[in-house]
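> Provided below are the primary sequence and the corresponding predicted coordinates.
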Amino acid sequence: MTGSTVLHYQLLEKLGAGGMGVVYLAYDSKLERKVALKFLPEFISDNEVKRNQFIREARAAAQLNHPNIATIFNIEEADQIFIVMEYIDGEEFSDKIRRAPLSVKETTSLICQIAEGLQAAHNTGIVHRDIKSGNLMLTTSGKVKILDFGLAFSTDNGQLSSEESISGSLAYMSPEQLKGGDIDHRSDIWSLGIVIYEMLSGKLPFNGEYEQAIEYSILNEDFTPLSRITSNSSPVLEKVINKCLQKNPSDRYQNIQELLNDLNDTVPPLVSDNSARTTKRYISRKKVTAILILAAVLISTAVIFYPQLSYIIEKITGGSDASQQHLLIVPFRNFGGDTSEEFFCAGLVETMTSKLTQLEQFSGSLWVVPSSEVHTNNIKSPGEAKKMFGVNLAVTGALQSLNDFFRLTLNLIDTETLRQLNSSVIDVKKQDVAKLQNLSVIKLIEMLDLKLNPRQHEVIEEGTTLVPDAYEYYLQGRGFLQRFENIENIKSAVRLFSLAISRDSLYSVAYASLAESYWRYYESTKDISWAEKAVDESEKAYLIDSNLVSVNITSGIIHAGLGKNDRAIKFFNKALDIDPMNASAYRGLAQTYEAQNRIDEAERTYKKAIKLRPEYWAGYSLLGSFYYRYGKYEKALDQFKKVIEITPDNSRGYNNLGGIYYFLEDWDNALEMFEKAFSLSKSYSVASNPGTLYFIQGNYKQAAVMYETALEINDKDYIVWGNLASAYYWIRRNERKPN
């Protein structure tokens, strides 16, 4: 089949074959990227009942979203049913083991990643059924990926039949799987035990010259203890293997967390690799369990580490120089009380902010905080704007619907004194509502005592519509899309942008926003059809007006997300040609260079953004997070220090500083930074992180208090629940110690 085309997939190379199908490397001509296609065997494809069941289970598995699980993009059917999967550039564990067994340290690290991926699947009721070294990949960046979740089944759909339960690789099958009995997540735990044994010894614990011998060994014989065949082991790993390979499922680990708890009893060195030194401090893994969460929190909750899709341009400092206009628009009040007008109001704030941001290139003094950041940090007042972002100016406002016209009131506030510096009232007839955005921006520019030249007027007018209904739908859509964490809001945004386009078929930014909505939908569901729609709509937006910054940035982010990095770079560079000061484009460009492993170019791009705005604090944050990702902790430290030097009340700056001090194992400074961050902002991550440091220092009661505080803010993170349980455990254990 190599060289042929199936639907829009060109088969490039046969990657492997087995009892559960044949895998090809393919090129997806529609989305212009490499994928892996797994063609399923005839006993599934030709049996309608099995095919329908497989499709149900594969769809369930496709919902899994975890860094240690290879993503399932789609299920297709031509003459034969096949799965479209993420193509992983790396090496199978089986090939790595064949060269030489792995060390205890490397095995422990890799098994933790596998276990975390399995735990994510088991938590959603998905059982893999075929965990083996051939279904585990080590990427070129050192990350484990579990393959073939498309052959998993969901416990939500009942038990497997005898024939279905024995699908998998014989040497890794659990006894209950061989017997054709009921299986659950504990079968995966058995298979994981086989893999651990194999990684350390290069051998399988149950073996034989023919299949019946292997089956008999699994069902009836004890395996040879690892310590008898190799010195490459540890008591903890032997304990883990023995527990995994109990023939009765009730005698095994009952869940992956129990296995992880035992793995945490190993004592590997915690090493910080940087240009200055290598640390040799040893810490009990009972405490490292909580520490590792810190790294995850540092990455996932600091907004600077990951871009949002639209207009993320964190150009703001904390200076009080009157010549510098560092501005934040506080969410407007909606006096109408109507829900649609509430989202209209939110959309108006975002579009005004976006237009002001595009005017930054014409003024060395104007820097504007993106509305996405205002929403993320729940800024409600000029005082909060000053505290979080260091701005010296804030705009407050209110929107009223009065009979046949809208009234927008704008107030310019000095955030230091909270004194009103200027105000304005704008009345627009409802049939002229499409003029509201541009009038508002122009009026605000006047309030700032800035002069507009003809080119700036053009920028304000670009991408707008004169169709009232289209504009109103568009603003409501932008309001809904700000809250994309709720999938129902994404659906509403899709509907509203589609309505806007139906009213004005040349509304370029509405097409771009529809593309953004589809992309958000794809990120949430991992259904590749939404990514395809995102590409289609972004292309329509580009054809209508290729000279809009937002159109190019949206296209760049979508293409980068699909791995089409060369095209993404072209879009980001074009955005910078239009707006040379656009930090969002710089960020997208730098991160795309990173994805191509062009690290030096990425670093130069981050530095160029700083050079253009030397007092722009978020530029230092981006460079700091870049250094963090590559283990250059001392350099990261310098950048985050610059952040709090510019914005002394920036809680995220202190939070990130604390994280870097942690990696440098400077516990005292780490705790000081986390406590300072918590004093400035009572957010979830800022509460959890000092809890971790208290835990490290053995102050379990204070750790518990901080974890409890974090969970009061957000009770959805099972890791922090686990940390709280660990803190309670050690509190009770210490109380029971004899005096």
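Looks like it came in fine.
> report the buried residues of the helix or strand hosting Met137.
Assessed by DSSP states H and E, Met137 sits inside strand 136-139. For strand 136-139, burial by neighbour count (16 or more other Cβ atoms under 10 Å) applies to Leu136, Met137, Leu138. Where C-beta positions appear, they are placed from N, C-alpha and C, glycine not excepted.
> what about the first one, distance to Phe149?
Read that as Leu136. Per Cβ to Cβ, to the nearest Å, Leu136 is found 12 Å from Phe149.
> likewise Tyr606?
The value you get for Tyr606 to Phe149, if Cβ to Cβ is used, is 36 Å.
> just Phe484 next, same as before
Counting by Cβ to Cβ, the separation of Phe484 from Phe149 is 26 Å.
> for the closest residue to Leu436 other than its chain neighbours, give the beta-bridge partners.
Using Cβ to Cβ, 6 or more residues apart in numbering and skipping the chain neighbours, the partner closest in space to Leu436 is Val428 (4.8 Å). With DSSP bridges as the criterion, Val428 is bridged to Phe406.
> residues near Val428, how many?
Val428 is flanked by 18 other residues according to other Cβ atoms under 10 Å.
> same deal with Gln324?
Neighbour count for Gln324, taken as other Cβ under 10 Å: 17.
> ok, it - contacts?
Taking Cβ atoms under 8 Å, 6 or more residues apart in numbering, we find Gln324 in contact with Thr317, Ser365, Trp367, Asn392, Glu615.
> for Ile646, state which of those residues is nearest.
Of all the contacts of Gln324, Ile646 sits closest to Thr317, with 4.9 Å by Cβ to Cβ.
> before we move on, back to that, neighbour count winner among Phe484 and Phe149?
Neighbours around Phe484 and Phe149, counted as other Cβ under 10 Å, are more numerous at Phe149. The numbers are 27 against 21.
> hang on, the more buried one packs against His128?
Yes - using Cβ atoms under 8 Å, Phe149 is in contact with His128, at 6.2 Å.
> so where's the stretch 451-600 of the chain shaky on pLDDT?
Applying pLDDT under 70 to the stretch 451-600 of the chain flags no residue at all.
> re the thing from before, tell me the mean pLDDT over the strand holding Met137?
Rounded to a whole number, the mean pLDDT of strand 136-139 is 90.
> how about stretch 41-53?
Per-residue pLDDT values across stretch 41-53 average out to 68.
> got it, and stretch 719-732?
Per-residue scores along stretch 719-732 average to 83.
> got the buried residues for it?
Val720, Gly722, Asn723, Leu724, Ser726, Ala727, Trp730.
> closest one to Gly193 out of these, please.
Gly722 (22.1 Å).
> quick one: stretch 33-45 to chain centroid distance?
Centroid displacement of stretch 33-45 relative to its chain, using Cα atoms, centre = their mean, to the nearest Å, is 28 Å.
> and it, C-alpha only, in PDB?
As requested, the backbone C-alpha atoms of stretch 33-45 are provided in PDB (Å, rounded to 0.1, in the frame of the first residue of the first chain):
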ATOM      1  CA  ARG A  33       1.100  17.200   8.400                       C
ATOM      2  CA  LYS A  34       2.400  13.700   9.100                       C
ATOM      3  CA  VAL A  35       0.100  11.200  10.900                       C
ATOM      4  CA  ALA A  36       0.100   7.500  11.800                       C
ATOM      5  CA  LEU A  37      -2.600   5.400  10.300                       C
ATOM      6  CA  LYS A  38      -3.500   2.100  11.900                       C
ATOM      7  CA  PHE A  39      -5.600  -0.200   9.600                       C
ATOM      8  CA  LEU A  40      -7.600  -2.700  11.700                       C
ATOM      9  CA  PRO A  41      -7.800  -6.400  11.100                       C
ATOM     10  CA  GLU A  42     -10.700  -7.900   9.200                       C
ATOM     11  CA  PHE A  43     -12.300  -9.500  12.300                       C
ATOM     12  CA  ILE A  44     -13.100  -5.900  13.400                       C
ATOM     13  CA  SER A  45     -13.700  -4.300  10.000                       C
END
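> for the closest residue to His375 other than its chain neighbours, what are its contacts?
Distances taken as Cβ to Cβ, 6+ apart place Gln482 nearest to His375, at 5.2 Å, with adjacent residues excluded. Contact analysis of Gln482 by Cβ under 8 Å, 6+ apart lists Ala346, Gly347, Glu350, Ser371, Ser372, His375.
> from those residues, which has minimum pLDDT?
Scoring the contacts of Gln482 by pLDDT puts Ser372 last, at 76.
> gap between it and Ile131?
40 Å.
> and what of Ile719?
For Ile719, the distance to Ile131 - Cβ to Cβ - is 23 Å.
> what of Ala710?
Applying Cβ to Cβ to Ala710 and Ile131 gives a distance of 33 Å.
> do the same with Asp79
With Cβ to Cβ as the criterion, Asp79 and Ile131 are 30 Å apart.
> of the two, who's got more company?
Ile131 (28 against 8).
> isn't there a helix covering that one?
No - using DSSP: H, G, I helix; E, B strand; the rest coil, the assignment for Ile131 is coil, not a helix.
> what about the residue lying closest to it once chain neighbours are set aside, which SS state?
Counting by Cβ to Cβ, 6+ apart, Ile131 lies nearest to Ser191, which is 3.7 Å off, once chain neighbours are set aside. Reducing the assignment at Ser191 to three states with three-state DSSP gives helix.
> rewinding a little: which of the buried residues of strand 136-139 sits closest to Asn242?
Nearest to Asn242 out of the buried residues of strand 136-139 is Leu136 (Cβ to Cβ; 21.2 Å).
> which residues are in contact with the closest one?
Glu92, Phe93, Ile114, Val144, Lys145, Ile146, Leu147, Val195.
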